[in-house]
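Undergrad: Fold the following.
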Amino acid sequence: MSAALEPSTLDLLKRFNRAFPQFYEQFVGSDIQLQNLRLAYQLFRTKKAVIEMTAERVGEASPQETRTALHFAYRNQSFLLSDIFGVLAAYGLTIHSLSLYGQIYPPMLVFAKLVVSRGGKELSPKTAENVRRAVREALAGRFEVEDMLNVEFNLDAGLDQVETEFYVDPVFHLPAILIEADNQPGLFYKVMYTIWQEDLLVVNANLLVWRGRTRLILYLLGPNEGVIPEYLGHKIAEGIRDRLLGR
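TA: Residues are numbered from 1 along each chain as shown. A predicted model of the protein is given here:
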């Protein structure tokens, strides 16, 4: 990476990366690091959330098939993902993949990429623009996500077959909660809404959808952006499971 970059850019990137968990520089590719640096600069320059939507091909075998990649950057806050996933649910979008990298030191920025589709296909320009506008309105408090979703879903209904587990990741050295549930409408919103209710901050996320089940691993900071003690983590995981089951 150092040979391909100007010394000034490399120095800026190294300083930027220090705000992330230790694993970030080691395990995250240089292309993603540079993309996040670019998004951070855009965020710094505009003082507004960065929301970019572009076409993304689905594998090499089907070059004509495309979905939509949503790139997002903003100051990390516990309600943030609840709003974003709520908007996606309100527009009936399918989430195919998620990558998320959050800083654990100031300025506490978060960078996310979601690959989404409607009916398995790329969003139309009009739908993409409507989604982008709705996310901005939600973050500004002018779009009541929950009110809109209540028309489509019974938000009080519990999810099916939910399992949760808390552990401290031995590689990332961060508290993590694994959440697994049957695929169903509004799943991601309900999970992120519950995370917000627990006042937790997501700083990394892994997603696997397989055979009708969704598995999310969320690496977290606790209330006030602090580390979650293990005894409390198990209690939080149990509370999240109860909330998602509608208990």
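Undergrad: ok, which stretches of the chain are helices?
TA: In the chain, helices defined by DSSP state H lie at 7-17, 23-27, 30-46, 80-90, 125-139, 145-152, 187-197, 230-244, listed in chain order.
Undergrad: Tell me which of the ones you listed sits nearest to S99.
TA: helix 30-46 (7.8 Å; C-beta to C-beta). Where C-beta positions appear, they are placed from N, C-alpha and C, glycine not excepted.
Undergrad: orientation of that closest one relative to helix 7-17 in degrees?
TA: 80 degrees (axes from the mean of the first three to the mean of the last three C-alpha atoms, to 10 degrees).
Undergrad: Contacts for helix 30-46, please.
TA: 1, 4, 12-13, 16-17, 24-25, 49-50, 52, 71, 73-74, 99, 101, 109, 111 (C-beta atoms under 8 Å, 6 or more residues apart in numbering).
Undergrad: mind checking how far stretch 85-94 is from the chain centre?
TA: Mean C-alpha position of stretch 85-94 versus that of the full chain (C-alpha atoms, centre = their mean, to the nearest Å) differs by 13 Å.
Undergrad: can I have it written out in PDB, keeping just the CAs?
TA: Provided in PDB are the C-alpha atoms of stretch 85-94 (Å, rounded to 0.1, in the frame of the first residue of the first chain):
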ATOM      1  CA  PHE A  85     -32.700   0.100   8.300                       C
ATOM      2  CA  GLY A  86     -36.200   1.500   9.100                       C
ATOM      3  CA  VAL A  87     -36.100   3.500   5.900                       C
ATOM      4  CA  LEU A  88     -35.000   0.400   3.900                       C
ATOM      5  CA  ALA A  89     -37.800  -1.600   5.400                       C
ATOM      6  CA  ALA A  90     -40.300   1.100   4.700                       C
ATOM      7  CA  TYR A  91     -39.300   1.000   1.000                       C
ATOM      8  CA  GLY A  92     -39.500  -2.800   0.900                       C
ATOM      9  CA  LEU A  93     -35.900  -3.300   0.000                       C
ATOM     10  CA  THR A  94     -34.000  -6.600   0.400                       C
END
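Undergrad: where does this structure dip in pLDDT?
TA: 1-5, 59-64 (pLDDT under 70).
Undergrad: how about a cut-off of 50?
TA: 1-3 (pLDDT under 50).
Undergrad: OK, contacts around the closest residue to A138 other than its chain neighbours?
TA: In this structure, A138 finds its nearest non-sequential neighbour in D83, 4.1 Å apart by C-beta to C-beta, 6 or more residues apart in numbering. Residues counted as contacts of D83 (C-beta under 8 Å, 6+ apart) are V135, A138, L139, V145.
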